[in-house]
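# Sequence unavailable; structure follows:
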């Protein structure tokens, strides 16, 4: 499964937590009508990606070779390793 197009707007969920718009990650479930806490956790892990990778997601670059699982796995690595994994 390729990186879903709706990941881009959801990428900003972290900002809702930081700003206090929502108090806890679990509050995003009801606010955004999501029924999977693991999906929310995957999206929140995107904040640990290298800045250029984040920029590519936000700008909507052609990321057809990326999957959500692949980029969340990459988020566990250092920035140089992320770039190698995501090529």
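Yes, it's here. This is a predicted model, so every value here is computed, not measured. Numbers count the residues shown, from 1 in each chain.

# my guess is residue 26 contacts residue 36, does it?
No - look at residue 26 against residue 36 with CB atoms under 8 Å: they stay out of range, at 11.4 Å. For glycine as for every other residue, the C-beta is placed from the backbone atoms N, C-alpha and C.

# what do those two both touch?
By CB atoms under 8 Å, 6 or more residues apart in numbering, residue 26 and residue 36 have no common neighbours.

# which residues does the nearest residue to residue 47 once chain neighbours are set aside contact?
Nearest residue to residue 47 in three dimensions, chain neighbours excluded: residue 14, at 4.9 Å (CB to CB, 6 or more residues apart in numbering). When contacts are counted by CB under 8 Å, 6+ apart, residue 14 is found next to 44, 46-47.

# Generate a PyMOL selection restricted to the buried entries among these.
Only the buried entries of the contacts of residue 14 go into this PyMOL selection, using 16 or more other CB atoms under 10 Å:
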select buried, resi 44+46
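
# In helices only, show me the contacts of residue 14.
Among the contacts of residue 14, the ones falling in helices (DSSP state H) are residue 44.
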